[in-house]
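**Q** Pasting a predicted model and its sequence here:
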Amino acid sequence: MRRRTVATARQVLYSSLNRTPASPKRAIKMHVETEEVESKPAQLQNGAILGLPNELLLRVVSLLSTGSIRNLMVNRSFRSVCEQGLYRSISLPWHPRRSIRLLETFLLRPDLALLVRHLEIDLRWRYTSGQIPPNLQPDGLEALCLAKNIHSLSLAGVADWIWQPEMAKFREAIFKLKLVRLQVPNIHDPHTEYGCSWPGESDSEDSEDEWEGDLGDEIRRLLQAQPQLEEFKLSDSSITGKTAASLQASLEASDVPNLKSLQAEPIVAKAFLPVAARLESLNLAISNWGDRLLSEIESKSTAIKLSIRRFTIRVWYFDEWFWNNLAKVFALFPKTEELSVTINSLTSATDVEPAKYFFEKVGDNVYVLPSLRRIEVRFETLHRETPKIFQVETGSMLRAKAACPMLETVVDPEMRLWTFRPDHGMLGGCAPHLLGLLMTDHLVQERDLPALEGSVP
């Protein structure tokens with residue numbers, strides 16, 4: 001092997017010298033240099049890697065699992081880059097005990113807290129006895145405030161922080177952040193007329209009964225504190241008609257000057273559609289559709305209906321009105337280029353139509369979207385093991401392609417990615433081609449830490 005390396009080195013050197021043979025002295029020197037290179041391959045490789053720009057090293061680290069990054073941190077030269085890779089983006093939406101450990105780390109290493117740009121954290125532990133370490137008392141706010149450079153934030157496990165009087169300091173800390181993305185997985189509307197136990201809900205029922213404020217105003221204050229906000233997600237909330245009406249009456253364009261992406265229930269989205277002039281992505285949460293809701297969404301979105309490029313909607317499998325008026329709903333935003341439909345079929349009933357039925361419904365009604373480039377259909381079910389429950393036929397893809405010539409890709413309920421190849425023997429002159437299965441999660445989520453002895457899990 002060493003002879004071949006020496007020979008290769010000679011060839012490269014001869015080439016650089018216009019193929020002129022080297023003198024004996026030069027050949028001897030080259031031979032010695034080659035042996036030195038061979039004796040330190042690892043050192044040279046590490047040196048070459050460390051010579052790469054930090055941006056490229058961070059990109060490489062971002063593709064590794066957490067365990068692999070920890071292994072690299074044994075090397076002092078990589079430690080700084082690995083710490084940036086570990087802490088720049090942290091996702092712990094369902095890990096309350098790991099969230100506790102993270103906040104403890106912030107207190108011990110404030111410099112690591114400053115590295116965080118994206119944070120998804122679970123704060124359910126704030127309401128569980130025996131879970132809060134002494135250094136995080138009373139609520140971990142001091143530790144969270146150390147992460148001053150967060151641009152993207154998701155707060156899970158706390159449903160009343162926007163309005164609860166006892167959470168005023170918490171709100172103040174959030175208001176001071178300069179956020180580009182904000183996700184509020186759930187909000188407990190204190191004006192809800194029915195009784196409900198919410199994860200992360202305060203134990204103080206008296207404060208809820210006595211609170212006479214306006215949740216719509218509080219949401220507006222949150223938005224006003226974040227003028228750079230581009231993405232706002234109200235994923236799963238219990239917003240009442242009273243709060244939605246308040247938002248519709250008071251929300252102004254100056255409150256959301258840079259908003260480009262919104263996820264909310266239609267009743268809440270109606271407040272944003274007339275004023276969010278830069279909106280280009282709309283994700284409507286599940287709701288009961290009908291003529292009235294369709295008319296209200298249509299009238300509220302007049303100014304931005306031609307600006308929406310990504311339209312996502314989640315619907316009930318049993319919403320008969322919706323499935324009979326699918327084209328009308330799609331036509332709300334006729335310039336849509338990316339369409340995603342999620343069917344909620346999470347029921348114990350066994351007579352529910354399989355994914356194929358809904359997939360064909362979507363494919364047969366996209367003709368109102370001439371600019372469509374991508375279709376994605378998801379199917380949520382409790383019966384995943386049922387044979388062929390996710391299976392679809394390619395005929396509806398061909399019909400969709402014929403109706404939408406610009407269509408490039410389709411993601412079916414099995415999360416398989418399809419494209420189209422020229423085939424003059426098929427309808428529309430092309431045939432569906434399977435590229436493969438999409439990766440739903442890039443990295444496997446680690447399990448949460450075990451519960452403390454004697455505490456509530």
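**A** Received it, and whenever you're ready, just let me know what you need. Residues are numbered from 1 along each chain as shown.
**Q** can I assume residue 180 is in contact with residue 151?
**A** Yes - in this structure, residue 180 is within contact of residue 151 by C-beta atoms under 8 Å, at 4.7 Å. From N, CA and C alone the C-beta is placed, and that goes for glycine too.
**Q** just the helices in the stretch 351-457 of the chain please.
**A** 355-363, 395-403 (DSSP state H, counting those that start in this stretch).
**Q** Pick out the shakiest of the ones you listed, pLDDT-wise.
**A** When those are compared on average pLDDT, helix 395-403 comes out lowest at a mean of 93.
**Q** got the buried residues for that helix?
**A** 396, 397, 398, 399, 400, 401, 403 (16 or more other C-beta atoms under 10 Å).
**Q** again with stretch 223-230
**A** The neighbour-count check on stretch 223-230 (16+ other C-beta under 10 Å) flags 223, 225, 226, 229, 230 as buried.
**Q** So which of the residues you listed sit within helices?
**A** residue 223 (DSSP state H).
**Q** what residue ranges in the stretch 1-150 of the chain score low on pLDDT?
**A** 1-50, 127-132, 137-139 (pLDDT under 70).
**Q** Show me the helices in it, by range?
**A** 2-16, 24-39, 41-50, 54-62, 66-72, 76-87, 96-108, 110-113, 141-145.
**Q** Sketch out the low-pLDDT regions of the stretch 201-350 of the chain for me.
**A** In the stretch 201-350 of the chain, residues with pLDDT under 70: 201-209, 236-237.
**Q** can you give me the strands in it?
**A** Ranges of strands in the stretch 201-350 of the chain, per DSSP state E, counting those that start in this stretch, are 231-233, 261-264, 281-284, 310-316, 338-345.
**Q** My guess is residue 271 contacts residue 247. True?
**A** Yes - at 3.8 Å, residue 271 and residue 247 qualify as touching, with contact defined as C-beta under 8 Å.
**Q** quick one, which of the two is more surrounded?
**A** residue 271 (27 against 24; other C-beta atoms under 10 Å).
**Q** list the contacts for the more buried one?
**A** 244, 247, 248, 251 (C-beta atoms under 8 Å, 6 or more residues apart in numbering).
**Q** most neighbours, which of those?
**A** The contacts of residue 271, ranked by neighbours (other C-beta under 10 Å): first place residue 247, 24 neighbours.
**Q** so what's that residue up against?
**A** Per C-beta under 8 Å, 6+ apart, neighbours of residue 247: 216, 219, 220, 268, 271.
**Q** Tell me how far the closest residue to residue 287 other than its chain neighbours lies from residue 315.
**A** Leaving out its chain neighbours, the residue that sits closest to residue 287 by C-beta to C-beta, 6 or more residues apart in numbering is residue 266, at 4.8 Å. For residue 266, the distance to residue 315 (C-beta to C-beta, to the nearest Å) stands at 11 Å.
**Q** can you list the weak-confidence ranges in the stretch 351-457 of the chain?
**A** 427, 440-457.
**Q** Quick check: residue 411 vs residue 434, distance?
**A** 11 Å.
**Q** Compare these two and say which is more crowded by neighbours.
**A** Of the pair residue 411 and residue 434, residue 411 is the one with more neighbours under other C-beta under 10 Å, namely 16 against 12.
**Q** Including distance to residue 280, could the helices of the stretch 351-457 of the chain go into JSON lines?
**A** Formatted as JSON lines, the helices of the stretch 351-457 of the chain follow (distance: least, C-beta to C-beta, whole Å):
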{"stretch": "helix 355-363", "distance to residue 280": "21"}
{"stretch": "helix 395-403", "distance to residue 280": "22"}
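**Q** what about those, which gets the closest to residue 282?
**A** helix 355-363 (16.9 Å; C-beta to C-beta).
**Q** List the buried residues of the closest one.
**A** Residues of helix 355-363 classed as buried: 355, 356, 358, 359, 360, 361, 362, 363 (neighbour count, 16+ other C-beta under 10 Å).
**Q** what's near enough to touch the fifth one?
**A** With contacts taken as C-beta under 8 Å, 6+ apart, residue 360 has the following neighbours: 392, 393, 395, 396.
**Q** OK, contacts around the residue lying closest to residue 112 once chain neighbours are set aside?
**A** Leaving aside its sequence neighbours, residue 112 sits nearest to residue 87 (C-beta to C-beta, 6+ apart; 5.2 Å). Contact analysis of residue 87 by C-beta under 8 Å, 6+ apart lists 112, 113, 115, 116.
**Q** now do 6 Å
**A** 112, 115, 116 (C-beta atoms under 6 Å, 6 or more residues apart in numbering).
**Q** now it: how far from residue 101?
**A** From residue 87 to residue 101 the distance is 13 Å (C-beta to C-beta).
**Q** Ok, residue 277 next?
**A** Residue 277 sits 42 Å away from residue 101, going by C-beta to C-beta.
**Q** swap in residue 75?
**A** 24 Å.
**Q** on that earlier part again, which one of the contacts of residue 271 is nearest to residue 288?
**A** Using C-beta to C-beta, residue 244 is the member of those that lies nearest residue 288, at 14.5 Å.
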